[in-house]
Every structure is written in C-alpha cells, then in structure tokens.
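Engineer: quick one: sequence and predicted model below, then my questions.
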Amino acid sequence: MSRAPSLCGVILAAGESTRMGTDKALLPWPPVPSGQPPRGTFLSAAIESLGAVSEMVIVVGGKNASRIAPFVYAAGASLAENQEPDRGQFSSLQIGLHEVLNHGRDAAVVTLVDRPPVYSKTIAHLCQAFSSALESSKWAVIPEMNGRHGHPIVLGREMIEVFLKAPATATARDLEHEYVEHIQYVPIEDPAIAINVNTPEEYAALNASAPFAFGL
C-alpha cells in the first residue's frame, strides 16, 4: 500500500511496565531460537509496521524516554516525551496527537507498544476502510475480532480534535462510546489486534505461540 502523506503513525510507549519487570517496548520480537541474538523489539517492530503507511512515526515515551530514544531514532521515528506519564495512557495519546497536528498531518494510525505488530494486510485494510469511511461521516476506524476491539486505530481530524479537547480525566473508551455514531468498526481476522502482554508469563506464552499465530 502506498504511504498517505496526511497520515502519521503514533506508538504509545510511556508505560512503566511494572508487572513485566522490564520495559515492554524493548522486549525482543520476533522470537528467535535460543542462543541467537534478537532481531528486533516490540518497539522496532511497531515502527516498521506503521512506517509501511506513513513516512512519519511518533513514539510517545515517559520515564523511559532516554532509554528507548536510541531505538526510536535508529528505526527512523521521532520521540515525544510525556513529562507526566502517571496521568495515564490517555495523556500520552493526547501528546502524540498534538504532535500529529504540529507536523501538519490530519490523521493518525495509533497503536500500543505492548504487543506484536498486526499483519501488514491488516494495516492496509484499516487504512483503506478509513478512506472509505470519510465519505459517510465517520471519524475513526477501529478493528474488531470475536467481539473485541483493538489496535491499531485510525483517527481523522475530527476525532483527533475530540480527544485533544477532552479533559485529562477522560478515557479513549468513554469518548469512543460518546461518539460511536462516527466510528466505523472493521472486522479483522488478526489475533494481534487485541493482544496485551503485561507479564513475563504472557510474554513467554506469546513467544511459544508466535510461529503458529503470526506466521513467523
């Protein structure tokens, strides 16, 4: 799929990874046989994934900003820092979306760093659905599988403005419900859209299933 000049990738990576015990952004991905060096990380894989549809990708870091910065820049992305990550993930989303508008873009494809990237065909399908949805007063596209919504999501200028005008105490889920008539839900057959990796056990299970679930 060709890159859309108005579209900007945003990766939320400011979490403290307390339950994991190490920064989830830097967990090795994809898995490699024991004894071989890592080929990449969740972060680099996410940047590569969003880079397929936008030449600009913004990573929002928090207290880990200095630690992930070399990986961000090595992958050709930009880094924005959430100075108050304790305010929660929505504050990081707002910072990322501010940067999207500051760089002259009017749409964003947003994902989280604590998961493997979706299939390339998933990204393409969501972006194509977004282009079509704009003609029917839809402001955002969200993937769903087996009744669960996930990421990446694609946000148009109208929904970006909604998120930026919301108070810091808001949540993306609450705003999604409030503006549901402007959201296009897209059925996707891709297990990665709804995966969250929060603990070492979940990461180990993901690695064990990866060759079967993700075609690695």
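Structural biologist: Arrived safely, thanks for sending.
Engineer: from here on, contacts and neighbour counts on C-alpha atoms
Structural biologist: Will do.
Engineer: let me see the ranges of the strands in this protein.
Structural biologist: Counting by DSSP state E, the chain has strands at residues 7-12, 57-61, 78-81, 107-112, 140-145, 148-149, 153-156, 183-187.
Engineer: want to throw these into TSV with mean neighbour count, distance to G51 and mean pLDDT?
Structural biologist: Output for the strands of the chain, formatted as TSV (neighbours: other C-alpha atoms under 10 Å; distance: least, C-alpha to C-alpha, whole Å; pLDDT from 0 to 100):
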stretch	mean neighbour count	distance to G51	mean pLDDT
strand 7-12	28	7	97
strand 57-61	28	6	98
strand 78-81	20	12	98
strand 107-112	26	10	97
strand 140-145	23	18	96
strand 148-149	14	22	94
strand 153-156	25	14	97
strand 183-187	18	21	96
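Engineer: can you add distance to S209 and give those back as a markdown table?
Structural biologist: Listed next are these as a markdown table, based on distance: least, C-alpha to C-alpha, whole Å:
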| stretch | distance to S209 |
| --- | --- |
| strand 7-12 | 24 |
| strand 57-61 | 27 |
| strand 78-81 | 31 |
| strand 107-112 | 20 |
| strand 140-145 | 18 |
| strand 148-149 | 20 |
| strand 153-156 | 24 |
| strand 183-187 | 23 |
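Engineer: what's the closest of those to I68?
Structural biologist: I68 lies closest to strand 57-61 among these, at 7.6 Å (C-alpha to C-alpha).
Engineer: what does that closest one rub up against?
Structural biologist: When contacts are taken as C-alpha atoms under 8 Å, 6 or more residues apart in numbering, the neighbours of strand 57-61 outside the stretch itself are 8-15, 47, 50-51, 68, 72, 76-82, 92-93, 95-96, 99-100.
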